[in-house]
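*Asks:* fold the stuff below for me.
(one chain, ligands or ions: 2)
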Amino acid sequence: MTRTLIRHARLATLQGPEAWGWIEDGALLVEGDTLRWVGDDASLPPDPQADREIDLQGALLTPGLVDCHTHLVYGGHRAAEFELRLQGASYEQIARAGGGIRSTVAATRAAGDDELYRLALPRARALMAEGVTTLEIKSGYGLSEAHEARCLAVARRLGTELPLTVRTTSLGAHALPPEFEGRTDDYIDAVCRWLPGQQAAGLVDAVDAFCEGIGFSVAQTQRVFDAARALGLPVKLHAEQLSDLGGTALAARYQALSCDHLEHLSAEGIAAMKAAGTVAVLLPGAYYFLRETKLPPVTALREAGVPIALASDHNPGSSPALSLLLMLNMACTFFRLTPEEAFRGVTVNGARALGLHDRGTLVPGQRADLAVWDVDHPRELAYRFGHNPCRRVFVAGVEIPR
Ligand code: DI6
Ligand code: FE
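*Replies:* Ligands and ions are numbered 1, 2, ... in the order given. Here you go, the predicted model:
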């Protein structure tokens, strides 16, 4: 196994009592795909037996970033809908009039597999260019058994062809497809029936639903969760984005990995998440792009000790964002997260929102997914926007050509 010694890095280990888990002049020994030793450069073991050595000359080294909530695989785009909203139509009005998610479903169904892959590839690459090494991708624009499976397979293909971990989430319960108009419960039955096949084909790591007035009710969401539980699949939920339906409390009863959006989250929802260890995934891109005014209850989440993650929510309707660094900045400016909270949200807590405990900090035993930045301190990553100081990326110990 190759042993690589990385020396003279400023380390944000995100571990231990120190803010940022800071090590001013740090070193790190990578063996194969795993971190073996992390600490002060001055206290390196006398003979680390490295095959090669990299001197970072004071550059910042952090865990690779985790974008734990995206809808990356879809056809078409919704720039015309953006214009409609600028003329006064609301996101919900457009959805109820058959536009919105449904228009993306039509474009996705019309695109071939290779076309969907070709469209998703530059989106994934744009995120990777800013240090993303783990990416969640949801289905939810196919909305039939065959089209959902196709979208999940495209997501899997991104994970095999790119140096990147892709986690797939089945989101059949995203919107009601036109052929099920007036038969929402029948559609939920269908979504539940598709899951075993998706699992047998190795296409699904978790199950999600859009619990909302324009999505699915708490009772319908529960049926999807029961089907997931029967297969041993973990669940996540789009909850309390536009209204407070109480989906979070349901998700907590199913030990959900995460509840996402949460602008309208109640105190009861927060208590339920805390008790269940569910991560709160905040999505400032959607908040911004839909011009929401209701802020997620960050102070209460923080006081309750609910872990907070951030993600791009990349999708064509509510967050066509392809920058996780921009989300750091927005989470600080809009949601008043500290830069450190925001950064933990795209590393250790983003990983937790995917049920991954082998990444997100710089600790011996963790996967060697690493990002090197041309800044002095990680707070700068949340401070600038529209700027990418990512210089080098390692995935499972291997440097990715840039
Ligand atoms: N909430 C969102 O923000 C995205 N999906 C969801 O359930 C939006 C999806 C879209 O508008 O295409
Ligand atoms: Fe989403």
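*Asks:* could you list the buried residues of stretch 330-340?
*Replies:* Neighbour counts over stretch 330-340 (16 or more other Cβ atoms under 10 Å) mark 330-332, 334-335, 337, 339-340 as buried. Glycine gets a C-beta too; all of them are placed from N, C-alpha and C.
*Asks:* so of these, which ones are in helices?
*Replies:* When DSSP state H is applied, those are split such that 330-332, 339-340 fall in helices.
*Asks:* report the two of those residues separated the most.
*Replies:* Met330 and Glu340 (15.8 Å; Cβ to Cβ).
*Asks:* from Gly140, how far off is the residue of the chain found nearest ligand 1?
*Replies:* Residue of the chain nearest ligand 1, by Cβ to the nearest ligand atom: Gly317 (2.2 Å). Distance from Gly317 to Gly140, counting by Cβ to Cβ, to the nearest Å: 11 Å.
*Asks:* also Leu127?
*Replies:* In terms of Cβ to Cβ, Leu127 sits 18 Å off from Gly140.
*Asks:* what's the answer for Leu381, then?
*Replies:* 30 Å.
*Asks:* Gly317 and Gly140: which has the busier surroundings?
*Replies:* In this view Gly317 and Gly140 are compared by other Cβ atoms under 10 Å, and Gly140 has more residues nearby, 28 against 25.
*Asks:* in terms of pLDDT, where does the more buried one sit?
*Replies:* pLDDT recorded at Gly140 is 98.
*Asks:* how about the contacts made by it?
*Replies:* 71, 101, 148, 151, 171-172, 174-175, 208, 210 (Cβ atoms under 8 Å, 6 or more residues apart in numbering).
*Asks:* quick check: mean pLDDT across stretch 244-253?
*Replies:* Stretch 244-253 comes out at a mean pLDDT of 98.
*Asks:* cool, and stretch 74-94?
*Replies:* So the average pLDDT for stretch 74-94 ends up being 95.
*Asks:* do it and ligand 1 meet?
*Replies:* No - Stretch 74-94 lies out of reach of ligand 1 by Cβ under 6 Å from any ligand atom, never closer than 7.0 Å.
*Asks:* who's in contact with that stretch?
*Replies:* 99-100, 103-104, 106-111, 115-116, 119-120, 141, 151, 213-214, 242, 290, 315-318, 320.
*Asks:* only whichever of the residues you listed are buried, select them in ChimeraX.
*Replies:* Applying 16+ other Cβ under 10 Å to the contacts of stretch 74-94, the buried members can be selected in ChimeraX as follows:
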select :99,100,103,104,107,108,109,111,116,119,120,141,151,214,242,290,315,316,317,318,320
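*Asks:* got the residues of the protein near ligand 1?
*Replies:* 71, 100-101, 104, 174, 210, 238, 241, 286, 313, 315-318.
*Asks:* just checking, which of those residues belong to strands?
*Replies:* The members of those that map onto strands under DSSP state E are His238.
*Asks:* now do the helix or strand hosting Leu158, average pLDDT.
*Replies:* Per DSSP states H and E: Leu158 is located in helix 145-161. Averaged over helix 145-161, pLDDT sits at 98.
*Asks:* check which residues of that helix are buried.
*Replies:* In helix 145-161, counting by 16+ other Cβ under 10 Å, buried: 147-159.
*Asks:* redo the residues you listed as JSON lines? Include distance to Thr248.
*Replies:* Below are the buried residues of helix 145-161 laid out as JSON lines (distance: Cβ to Cβ, whole Å):
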{"residue": "His147", "distance to Thr248": "29"}
{"residue": "Glu148", "distance to Thr248": "25"}
{"residue": "Ala149", "distance to Thr248": "29"}
{"residue": "Arg150", "distance to Thr248": "31"}
{"residue": "Cys151", "distance to Thr248": "26"}
{"residue": "Leu152", "distance to Thr248": "25"}
{"residue": "Ala153", "distance to Thr248": "31"}
{"residue": "Val154", "distance to Thr248": "30"}
{"residue": "Ala155", "distance to Thr248": "26"}
{"residue": "Arg156", "distance to Thr248": "29"}
{"residue": "Arg157", "distance to Thr248": "33"}
{"residue": "Leu158", "distance to Thr248": "30"}
{"residue": "Gly159", "distance to Thr248": "29"}
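*Asks:* now the helices for the stretch 151-300 of the chain?
*Replies:* Along the stretch 151-300 of the chain, the stretches classed as helices by DSSP state H, counting those that start in this stretch are 184-200, 218-230, 247-253, 267-276, 284-289, 298-304.
*Asks:* burial measure for the nearest residue to Ala271 once chain neighbours are set aside, as a count.
*Replies:* Nearest non-adjacent residue to Ala271, counting by Cβ to Cβ, 6 or more residues apart in numbering: Ala304, 6.9 Å away. The number of residues packed near Ala304 is 15, by other Cβ under 10 Å.
*Asks:* let me know the outermost residue of the chain.
*Replies:* Pro46 (39.8 Å; Cα atoms, centre = their mean).
*Asks:* next, count neighbours for the residue nearest to Asp25 when sequence neighbours are not counted.
*Replies:* What sits nearest to Asp25 in space, not counting adjacent residues and going by Cβ to Cβ, 6+ apart, is Asp41, at 4.7 Å. Residues within reach of Asp41, counting by other Cβ under 10 Å, total 18.
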